[in-house]
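>>> Sequence and computational prediction follow.
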Amino acid sequence: MFDGVRIEWEDRRKDYGEIRIGTLGEIEGRVFFATRRGDAIRIISFRKPRETRRYRLRERGDGD
């Protein structure tokens, strides 16, 4: 599912008692944010990006 370009980071905002990994990426033209907790993946947001946001990702080299 997450085979495309994505950014992942360890969520250290507070002590969750476990390691949480945040993921930001794109699937079929839609941007998603998900978190991995152990073996589970939870989709937090999945929507069409606004053009300005898509442009910013390309400017930083994070998008296509």
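Looks like it arrived, so ask away. Numbers count the residues shown, from 1 in each chain.
>>> from memory Glu18 sits against Arg37, does it?
Yes. Contact criterion Cβ atoms under 8 Å: Glu18 and Arg37 qualify, at 6.2 Å. (C-beta placed from N, C-alpha, C; glycine too.)
>>> neighbour count winner among those two?
Of the pair Glu18 and Arg37, Arg37 is the one with more neighbours under other Cβ atoms under 10 Å, namely 13 against 7.
>>> And for this protein, the residue most distant from the center?
Distance to the chain centre peaks in the chain at Gly17, reaching 21.5 Å (criterion: Cα atoms, centre = their mean).
>>> Tell me who's in contact with the most centrally placed residue in the chain.
The C-alpha lying nearest the average C-alpha coordinate of the chain belongs to Leu24 (Cα atoms, centre = their mean; 1.2 Å). Counting by Cβ atoms under 8 Å, 6 or more residues apart in numbering, Leu24 touches 6-8, 31-33.
>>> now, which of those residues lie within strands?
Secondary structure defined by DSSP state E assigns 6-8, 31-33 of the contacts of Leu24 to strands.
>>> Tell me which two of the residues you listed sit farthest apart.
Put simply, by Cβ to Cβ the two of the ones in strands among the contacts of Leu24 set farthest apart are Glu8 and Val31, 14.6 Å from each other.
>>> ok, of the ones in strands among the contacts of Leu24, which one's closest to Arg47?
Val31 (6.4 Å).
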